[in-house]
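# I need the structure of the sequence given here:
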Amino acid sequence: MTADTVGGVWSYALELCRQLCSRGVRVELATMGAPLSPAQWREARALPGLTVHKSTWRLEWMDAPWDDVRAAGEWLLELEARLSPDVVHLNGYCHGAWPFRAPVLVVAHSCVLSWWEAVKHEPAPARYARYRDEVAKGLHAASVVVAPTRAMLDAVTRHYGALPSARVIPNARDAQAFAPAVKERFVLAAGRLWDEAKNLAALEAAAPQLPFPVYVAGDATSPGGSERATTRSTRPLGHLPPPVLADWMARASVYALPARYEPFGLSALEAALAGCALVLGDIPSLREVWGDAARFVPPDDPRALARTLRLLMNPSSEREALAARGRQRALTFTPGRMAEAYLELYAGLVRPERRVS
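Numbering: from 1, shown residues only. So this is what the prediction gives:
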């Protein structure tokens, strides 16, 4: 299994690995994108049956990645030759077209073309032509493609063509890691603050209109340093280790994610488990996941965002009812359910009796 270390894919991968290992599946995890943080190492080392193979090859969505993508592909083929896995589970696209001997499962977590369309409201520019071609090759060569929402699967099909075999498997988080606590009067947001898709600008514009603080947790600078978020009205917390972020979620009354683009929204799931009322961007994927268990606002309407946040803070009964619906919905996205769905797919590809790489 591959995993990048710079976003939500890491949380998804470790949650799935935890479940697979507990069921006796040996997992070889190949990491890319950046060195593992001390917190990530602690998570990985806590899982018996998981072996980490580390690298720092640039990811396919990063600037000028292609030399690294080629080198990473050669490295992955070497790992497969040495480890002889039953299934190759790729949490990226391009390597799906490489000549692995085992069946290949590709997971569509996000993509540049759908990101650009949602965030910039226009097609991705011509400089992403090679990205488009390489991703399409990987998707169409894969034995099966998985997406966390129907909205994301539809986006992949729209941009790269119909897929011969595809399935939706929602992401999941362990509820025990996100227990609610006594709620305090503040709003929390978390994620890659530099990513325009997360829409920190809307929170920055809404915060001065609110009589309570808005805290934002996450990296303000992109991995390559080309993008940087500036916080003036919100209160930055920086990058927080998972247990510390879970504590902030446990105390937050409301979690705000006015996203322009979010194929699933793992942080919203974590916040809902922690008892936060959810205020989310009104986009198809988040509607699909949350239904009537969240409040939705147009991503480009900071006034509507501020108005909704104020309404939820007063009176508390409405906020508590929304938080209760959100937590009830979140509890349906269990890691065990996710793992069983993947094991069913693995079994359909080949007998899963040795290990997943």
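# rest of the way, CA atoms for contacts and neighbours
Noted.
# R58 is in contact with M32, isn't it?
Yes. Under the criterion of C-alpha atoms under 8 Å, R58 is in contact with M32, at a separation of 6.8 Å.
# which outside residues touch the helix of greatest length in the chain?
Ranked by residue count and defined by DSSP state H, the top helix of the chain is helix 66-83. With contact meaning C-alpha atoms under 8 Å, 6 or more residues apart in numbering, helix 66-83 is reached by A30, W57, R58, L59, E60, C94, H95, W98, P99, F100, R101, S357.
# report how many residues lie close to the third one.
Neighbours of R58 under the rule other C-alpha atoms under 10 Å: 22.
# if we can go back for a sec, what about the longest helix of the chain, average pLDDT?
In this model, helix 66-83 has a mean pLDDT of 98.
# how far out from the middle of the chain is the helix or strand just after it?
Sequence-wise, the next helix or strand downstream of helix 66-83 (DSSP states H and E) is strand 88-90. A distance of 17 Å separates the C-alpha centroid of strand 88-90 from that of its chain, computed with C-alpha atoms, centre = their mean, to the nearest Å.
# same deal with stretch 308-326?
The chain centroid and the centroid of stretch 308-326 are separated by 26 Å, computed with C-alpha atoms, centre = their mean.
# cool, and stretch 184-191?
Between the centre of stretch 184-191 and the centre of its host chain there is 19 Å, according to C-alpha atoms, centre = their mean.
# same check on stretch 110-119?
Taking the mean C-alpha point of stretch 110-119 and that of its whole chain, the gap between them comes to 14 Å (C-alpha atoms, centre = their mean).
# pretty sure M338 sits against I169.
Yes. The pair M338 and I169 passes the contact test of C-alpha under 8 Å, sitting 6.6 Å apart.
# how is the protein carved up into domains?
The chain is divided into the following domains under automatic domain parsing: 2-172+334-356, 175-330.
# just those domains: most buried one?
Mean neighbour count (mean count of other C-alpha atoms under 10 Å) peaks for domain 175-330 among the domains of the chain, with a mean of 20.
# pLDDT on that domain, on average?
Rounded to a whole number, the mean pLDDT of domain 175-330 is 93.
# straight-line length of that domain, end to end?
With C-alpha to C-alpha, to the nearest Å as the measure, the first residue of domain 175-330 is 8 Å from its last.
# all the strands of this protein, in order from the start?
Counting by DSSP state E, residue ranges of the strands within the chain are 2-4, 26-32, 50-53, 88-90, 104-107, 144-147, 166-168, 184-190, 214-217, 235-238, 252-257, 277-281, 295-297, 355-356.
# can you say which of those is nearest to E227?
Distances from E227 to each of the strands of the chain were compared using C-alpha to C-alpha; the shortest belongs to strand 235-238, at 15.4 Å.
# what's that closest one in contact with?
Among residues not part of strand 235-238, those counted as contacts by C-alpha under 8 Å, 6+ apart are P213, V214, Y215, V216, A217, G218, D219, A220.
# now do 7 Å
For strand 235-238, contacts defined as C-alpha atoms under 7 Å, 6 or more residues apart in numbering pick out V214, Y215, V216, A217, G218, D219.
# any idea how far L139 is from the spatially closest residue to A39 that is not a sequence neighbour?
Distances taken as C-alpha to C-alpha, 6 or more residues apart in numbering place P241 nearest to A39, at 6.5 Å, with adjacent residues excluded. Per C-alpha to C-alpha, P241 is found 33 Å from L139.
# just to revisit the earlier point, relative to strand 26-32, how tilted is the longest helix of the chain?
160 degrees (axes from the mean of the first three to the mean of the last three C-alpha atoms, to 10 degrees).
# in the chain, which residue is closest to the centre?
G8 (3.6 Å; C-alpha atoms, centre = their mean).
# which residues touch G49?
C21, R26, V27.
# could you dump the contacts of helix 66-83 to JSON lines with pLDDT and distance to R310?
Compiled in JSON lines, the contacts of helix 66-83 are given as follows (pLDDT from 0 to 100; distance: C-alpha to C-alpha, whole Å):
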{"residue": "A30", "pLDDT": "98", "distance to R310": "45"}
{"residue": "W57", "pLDDT": "96", "distance to R310": "44"}
{"residue": "R58", "pLDDT": "95", "distance to R310": "42"}
{"residue": "L59", "pLDDT": "95", "distance to R310": "40"}
{"residue": "E60", "pLDDT": "96", "distance to R310": "40"}
{"residue": "C94", "pLDDT": "97", "distance to R310": "44"}
{"residue": "H95", "pLDDT": "98", "distance to R310": "47"}
{"residue": "W98", "pLDDT": "98", "distance to R310": "52"}
{"residue": "P99", "pLDDT": "98", "distance to R310": "55"}
{"residue": "F100", "pLDDT": "98", "distance to R310": "53"}
{"residue": "R101", "pLDDT": "96", "distance to R310": "56"}
{"residue": "S357", "pLDDT": "58", "distance to R310": "48"}
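# a markdown table please, covering the residues you listed and showing distance to K120.
Output for the contacts of helix 66-83, formatted as a markdown table (distance: C-alpha to C-alpha, whole Å):
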| residue | distance to K120 |
| --- | --- |
| A30 | 32 |
| W57 | 27 |
| R58 | 24 |
| L59 | 22 |
| E60 | 20 |
| C94 | 24 |
| H95 | 27 |
| W98 | 31 |
| P99 | 35 |
| F100 | 36 |
| R101 | 39 |
| S357 | 36 |
